[in-house]
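Novice: What would the 3D arrangement of this be:
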Amino acid sequence: MYLGALFVADMVFSIGSVRETARRLSFSASTVSGALRRLETELAMKLVERASGELATLLASSKVQKGLQPILSGMRQLSTLMKEPPAPKDYDQWAARLPLKIATIERFLEVADQGSINRAARRLRLGQPQLSLQIANLEELFGCRLFARQAQGSVLTEAGQEVHAILSAIAQAWDEMKAAADERFQRTARAVRIGSIIPTGSESWVARSLASLVSRWNIGGNSNMLSLLLMTADDLREALRSGRIDVAIVDSVFGLDAFEHVELVATDMVAIAPPDSTEQTFAALMENHPLCVPSPRTGIGNAATAFGYDSRDRRRFRGRDITSADSLPVIVDLVANHGYVSFLGRVSALPIADKVRIVDPDEILPLSYHLAHNGRKASVEACRLIQQAVRELVGEMGTTRRRLSSPAGSGTNAASSRLGRLG
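Specialist: Next up is the predicted model:
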């Protein structure tokens, strides 16, 4: 890692633009992006991402930028010791191009600690000529001798001691940043990353099964950490394929042939309607209420869209303005409090039956939720605990469904009779 690349990364964090940073430093945008990627690789963390074509710095970048400040301060001190110090107006251009590697700094410090190039080379497992050349290049950069060669070894000169103090501070700051990165990497390597479809709320079977998983996992003393992420079905499939998650709870198995997967919950699709609505059929609900459904990127959204477009007697669905939202809590609130109609799997609708009306379709529209994983031992164990939690939750819903009441012929009794199919 070059000190110049660290300076470039800091400027990107400050400005918030790769292109503007490149313009100010007379670099190509790819050169600036490359400096950022190298820093992300070294620190094992994502620092920036592109959103709508614009660069967005992530929260982690502010902490990294703070950690870079001792290094940048050291670079400014080094600039005054160079054989050709940059003018103040040229400092940014000089700093961005400073060809001094962290590795070279560490080797210089090792020679100083050992008092001998030969001993340092053995400890570093480098050839003595290679290490001597790197020290010579460093001395050329500063335009002075940093070590005095003596019969008993190499001793820092007065200039070398000044350089040593600055480079030690830079190395210490970098070591602190790398130590945090190494710890993050180890935690990530041990973690089981579980992605799930977005739950309707804290009472949903998805949220409750994940909470149960975390509790059982920790009680069991598992050494692997858990990391939970909520995404749409498309995002979950892509995350599995790219290795960003190990386990996925999805509402569609499309594109999961390469992964081990099992049906987790079998259910069917129902409409959820405002509590004070009186319509008895899907068609009447869609005629009289605005619609908000998950996007086709989700399994339920795809099923709802297919339902609306595939049948001749549902033509009125085609001309409607349909709001798409991949936040199920938002959809539930629109239905419960703003007069909208939407669609859910019955197993997701029953826990919120006190907030919405559940209306059955004229025919059963089957839906399934699935569990997929990448085959890691820890992933298999996580799946086992999720399946156990879901079985218990579905059983609990089965015993309580008779207590659910439905206003004005909502169809909840029929819904209850079908819940026995879940499992």
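
Novice: can we go C-alpha only for contacts and neighbour counts from here?
Specialist: Will do.

Novice: can I assume V265 sits in a strand?
Specialist: Yes: according to DSSP: H, G, I helix; E, B strand; the rest coil, V265 belongs to a strand.

Novice: Report the beta-bridge partner residues of it.
Specialist: Note on V265: beta-bridge partners Y369, judged by DSSP bridges.

Novice: Now do it against Q388, distance only.
Specialist: 12 Å (Cα to Cα, to the nearest Å).

Novice: Looking at those two, which is more packed in?
Specialist: V265 (21 against 14; other Cα atoms under 10 Å).

Novice: wait, isn't that one in contact with I386?
Specialist: No: under the criterion of Cα atoms under 8 Å, V265 is not in contact with I386, lying 11.3 Å apart.

Novice: counting contacts, what elements does the host helix or strand of R391 pack onto?
Specialist: R391 is part of helix 377-400, with elements assigned from DSSP states H and E. Judged by 3 or more Cα pairs under 8 Å, 6 or more residues apart in numbering; DSSP states H and E, the packing partners of helix 377-400 are strand 192-197, helix 205-219, strand 247-250, strand 260-273, strand 366-373.

Novice: Okay, angle between it and strand 260-273 too, please.
Specialist: Calculated by axes from the mean of the first three to the mean of the last three Cα atoms, to 10 degrees, helix 377-400 forms an angle of 40 degrees with strand 260-273.

Novice: Could you report the neighbour count for the closest residue to S28 other than its chain neighbours?
Specialist: Leaving aside its sequence neighbours, S28 sits nearest to A22 (Cα to Cα, 6 or more residues apart in numbering; 5.6 Å). Using other Cα under 10 Å, A22 is surrounded by 19 other residues.

Novice: what about A22, which SS state?
Specialist: From three-state DSSP, the assignment for A22 is helix.

Novice: how much space is there between it and I15?
Specialist: Applying Cα to Cα to A22 and I15 gives a distance of 11 Å.

Novice: cool, E263 as well?
Specialist: For E263, the distance to I15 equals 49 Å [Cα to Cα].

Novice: Now for A171: which residues touch it?
Specialist: 102, 105-106 (Cα atoms under 8 Å, 6 or more residues apart in numbering).

Novice: go on, R208?
Specialist: R208 neighbours (Cα under 8 Å, 6+ apart): 202, 393.

Novice: Show me where the protein has its strands.
Specialist: Secondary structure of the chain (DSSP state E): strands at 48-51, 54-57, 147-150, 153-156, 192-197, 226-231, 247-250, 260-273, 291-293, 322-324, 342-345, 357-359, 366-373.

Novice: Can I get these in JSON lines including distance to A87 and mean pLDDT?
Specialist: Output for the strands of the chain, formatted as JSON lines (distance: least, Cα to Cα, whole Å; pLDDT from 0 to 100):
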{"stretch": "strand 48-51", "distance to A87": "32", "mean pLDDT": "70"}
{"stretch": "strand 54-57", "distance to A87": "31", "mean pLDDT": "66"}
{"stretch": "strand 147-150", "distance to A87": "27", "mean pLDDT": "88"}
{"stretch": "strand 153-156", "distance to A87": "28", "mean pLDDT": "90"}
{"stretch": "strand 192-197", "distance to A87": "50", "mean pLDDT": "90"}
{"stretch": "strand 226-231", "distance to A87": "49", "mean pLDDT": "88"}
{"stretch": "strand 247-250", "distance to A87": "56", "mean pLDDT": "91"}
{"stretch": "strand 260-273", "distance to A87": "62", "mean pLDDT": "90"}
{"stretch": "strand 291-293", "distance to A87": "61", "mean pLDDT": "88"}
{"stretch": "strand 322-324", "distance to A87": "57", "mean pLDDT": "81"}
{"stretch": "strand 342-345", "distance to A87": "66", "mean pLDDT": "91"}
{"stretch": "strand 357-359", "distance to A87": "73", "mean pLDDT": "94"}
{"stretch": "strand 366-373", "distance to A87": "58", "mean pLDDT": "90"}
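
Novice: Could you save those as CSV and add columns showing distance to E40?
Specialist: As requested, those are arranged in CSV below (distance: least, Cα to Cα, whole Å):
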stretch, distance to E40
strand 48-51, 9
strand 54-57, 12
strand 147-150, 34
strand 153-156, 34
strand 192-197, 20
strand 226-231, 20
strand 247-250, 25
strand 260-273, 32
strand 291-293, 37
strand 322-324, 35
strand 342-345, 40
strand 357-359, 48
strand 366-373, 27
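
Novice: Touching, F108 and L133? I think so.
Specialist: No: if you go by Cα under 8 Å, F108 and L133 don't touch, sitting 11.2 Å apart.

Novice: okay, these two: which has more neighbours?
Specialist: Using other Cα under 10 Å as the criterion, F108 and L133 rank with F108 on top: 25 against 11.

Novice: And for the closest residue to that one other than its chain neighbours, the neighbour number?
Specialist: Closest residue to F108 apart from its sequence neighbours, by Cα to Cα, 6+ apart: I135 at 6.7 Å. The burial count assigned to I135 is 21, neighbours taken as other Cα under 10 Å.

Novice: Tell me the confidence at the residue nearest to S28?
Specialist: Note on A22: pLDDT of 93.

Novice: show me what contacts it?
Specialist: 28-29, 31-32.

Novice: Can you give the contact residues for stretch 364-377?
Specialist: 240, 246-253, 256, 259-270, 300, 345, 379-380, 383.

Novice: now those: which count as buried?
Specialist: Those of those that meet the buried threshold are 240, 246-253, 256, 259, 261, 263-270, 300, 345, 379-380, 383, by 16 or more other Cα atoms under 10 Å.

Novice: Who wins on neighbours among the contacts of A22?
Specialist: Counting neighbours by other Cα under 10 Å, V32 comes out on top of these with 24 neighbours.

Novice: Hmm, it is touching F7, no?
Specialist: No: between V32 and F7 there is no contact under Cα under 8 Å: 10.3 Å.

Novice: Got the confidence number for the closest residue to V64 other than its chain neighbours?
Specialist: Nearest residue to V64 in three dimensions, chain neighbours excluded: M177, at 7.6 Å (Cα to Cα, 6+ apart). pLDDT, M177: 87.
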